[in-house]
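> Sharing a model that was predicted from the sequence below.
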Amino acid sequence: MRRRVATLLAALGLSLPLALLPVASASAAPADKPQVLSSWTQTSAASYNAWNSARNNKGAWSAYGFDWSTDYCSTSPDNPFGFPFQTACARHDFGYRNYKAAGTFSANKARLDNALYADLKRVCAAYSGAKRTSCDATAWTYYHAVDIFGVAPAGAGAGRG
């Protein structure tokens with residue numbers, strides 16, 4: 001009988017400290033979330049391609065808790081004059097929303113806007129002649145609109161992104 005009590009007390013003594021350890025939240029994002037976010041919001045084509053690949057496989061990145069919501073180009077046309085700017089606007093929204101959630105939007109806004117412009121110029125690179133000139137001018141207008149008027153969304157899924 002004493003042996004059973006001693007075994008029970010020993011088991012409780014060993015398990016009690018484990019029960020008192022802080023439990024990591026099941027929703028805690030991986031520690032490299034800021035690095036992943038940064039890598040997906042640079043001006044390069046490689047950054048854009050990595051973000052778009054992740055966007056097409058969101059389930060693999062669900063532990064990070066990224067906000068993938070988008071209103072594309074807000075009140076501006078997503079495909080002005082037939083130029084497909086929608087995906088570039090979606091990446092811009094991704095950057096705005098996730099840096100706002102991280103509390104580091106102001107420090108990253110200029111780079112996010114520059115990445116949008118780089119993405120738009122890559123869209124325009126598919127054209128030539130007058131159509132390319134028109135696309136470049138439209139991209140420049142979109143870039144300056146967000147540079148001047150773009151603000152952090154008021155909440156997830158809301159506002160300009």
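Ah, there it is. Computed from a predicted structure; not experimentally measured. Numbering: from 1, shown residues only.

> center of this structure - which residue?
A centroid search over the chain (CA atoms, centre = their mean) returns residue 94, at 3.9 Å, as the residue closest to the centre.

> tell me which element it falls in.
helix 86-102 (DSSP states H and E).

> Chain neighbours aside, what residue packs nearest to residue 121?
Using CB to CB, 6 or more residues apart in numbering and skipping the chain neighbours, the partner closest in space to residue 121 is residue 139 (5.6 Å). Just so you know, the C-beta spots here come from the backbone N, C-alpha and C atoms, and that holds for glycine as well.

> State the pLDDT value of the one you found.
pLDDT, residue 139: 97.

> And the helices in this structure?
For the chain, the helices defined by DSSP state H cover 2-20, 33-39, 45-55, 86-102, 105-124, 129-149.

> how far out from the middle of the chain is the second one?
Spelled out, it's helix 33-39. Relative to its parent chain, helix 33-39 has a centroid offset of 8 Å by CA atoms, centre = their mean, to the nearest Å.

> Can you list the buried residues in it?
33, 36-38 (16 or more other CB atoms under 10 Å).

> That one packs against which elements?
On a contact count with 3 or more CB pairs under 8 Å, 6 or more residues apart in numbering; DSSP states H and E, helix 33-39 meets helix 86-102.

> Then the last one?
Based on contacts counted as 3+ CB pairs under 8 Å, 6+ apart, the elements that helix 129-149 packs against are helix 105-124.

> Apart from its neighbours in sequence, what residue is nearest residue 77?
residue 85 (7.9 Å).
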